[in-house]
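[1] predicted model follows, preceded by the sequence.
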Amino acid sequence: MLSGPKRTNDFRKLKHKLFLVATDIDTGASVPFGAPGWDDVPIARAVQASAALPGLFPPVEIGGRFYVDGALTKTLHASVALREGAKLLLCVNPLVPFDARLAASRTHRKEVSIVQGGLPSIMSQTLRTVMYSRMQVGMERYRKDYPDADVVLFQPDRDDVEMFFTNVFSYSDRRRLCEHAYQRTRDDLRRRRSELRDVLGRHGISINAKVLADEQRTLLVRGHRVDRRRVDKLGLTAVELDKTLDRLESLLKTCAAPVRERPAG
């Protein structure tokens, strides 16, 4: 992907700065790949390291050290960009703790405890709560340490049932989840339009009100037909890979299903 025309796998050849933060699993230290001293690492390898979530992906070895997802040390590593002089930073936090009471109030239904979802739901809520609390502390520090910079945060609503109870790592749910996130982000932009107009305006950016008002606009599908421009851009190889991974996930689910003993007879 990075070896094609006008592309590079070298941080030092990029027109704009790129930082990919990972965590050294043996020291707990954050490492900003792309920064001086760390810019000789291939971009593709740094991407692997920064996305190597423990439990799902193995640590990535780079230069004799092993690295995992940078979120182990910080939910947001905004300070990496702010130290480089960024004046406008757009941050995305996909994981927020679920508020069952707020969700029940919004849908006018009886509140259901997360406990009823069993250990997976409890662990998910615990992880989300820890990361969310840590991020809030970080946001306050950014505002204090970098008063001349604007840090804009985008994240799901805490009563978003879809985002909490969908496995964000499920390949088969990716399209539905992406479309849901796209529409909720559009809702968020509409709600915060006045606030964001002033913030973004300071940096010469404006919000396209016409796009936000278009109720028929979707991320992946228009008029129930696949957007061919996206398919052409991805190429046939990516489309075939997409189908293969769908089949693979289906097969793995079948293999993981409990085997029932056949009755003797």
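    All right, it came through fine.

[2] V115 and F164, how far apart?
    Per C-beta to C-beta, to the nearest Å, V115 is found 14 Å from F164. Any C-beta I mention is one placed from the backbone N, CA and C, and that applies to glycine too.

[3] looking at these two, which is more packed in?
    F164 (23 against 11; other C-beta atoms under 10 Å).

[4] list the residues that contact that one.
    F98, S124, R128 (C-beta atoms under 8 Å, 6 or more residues apart in numbering).

[5] helix or strand for the last one, which one?
    Spelled out, it's R128. If you go by DSSP states H and E, R128 is part of helix 118-145.

[6] by contact count, what packs against that helix?
    helix 78-83, strand 150-154, helix 161-165 (3 or more C-beta pairs under 8 Å, 6 or more residues apart in numbering; DSSP states H and E).

[7] list the pairing partners of the second one within its sheet, with orientation.
    Same thing as strand 150-154. Counting by DSSP bridges, the strands paired with strand 150-154 are strand 88-92 (parallel).

[8] so what's the gap between the strand it pairs with and the chain middle?
    13 Å (C-alpha atoms, centre = their mean, to the nearest Å).

[9] try stretch 167-182
    11 Å.

[10] now do that stretch: distance from first to last residue.
    17 Å (C-alpha to C-alpha, to the nearest Å).

[11] next one: stretch 26-38
    First residue to last in stretch 26-38 (C-alpha to C-alpha) measures 18 Å.

[12] ditto for stretch 93-109
    27 Å.

[13] check M163 and give its pLDDT.
    M163 is assigned 84 on the pLDDT scale.

[14] which one of the helices and strands packed on helix 118-145 is the most hemmed in?
    Highest mean neighbour count among the helices and strands packed on helix 118-145 (mean count of other C-beta atoms under 10 Å): helix 78-83, with a mean of 18.

[15] now stretch 65-82, how far from the centre of its chain.
    The answer for stretch 65-82 is 14 Å, by C-alpha atoms, centre = their mean.

[16] coming back round to it: now distance to P5 too, for the helices and strands packed on helix 118-145, in a markdown table please.
    Converted to a markdown table, the helices and strands packed on helix 118-145 look like this (distance: least, C-beta to C-beta, whole Å):
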| stretch | distance to P5 |
| --- | --- |
| helix 78-83 | 28 |
| strand 150-154 | 33 |
| helix 161-165 | 38 |
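
[17] what about these, which gets the closest to R7?
    helix 78-83 (22.3 Å; C-beta to C-beta).

[18] break down this protein into its helices, ranges please.
    Remark: helices assigned in the chain by DSSP state H are 43-50, 78-83, 100-107, 118-145, 161-165, 174-191, 193-201, 209-213, 228-234, 236-256.
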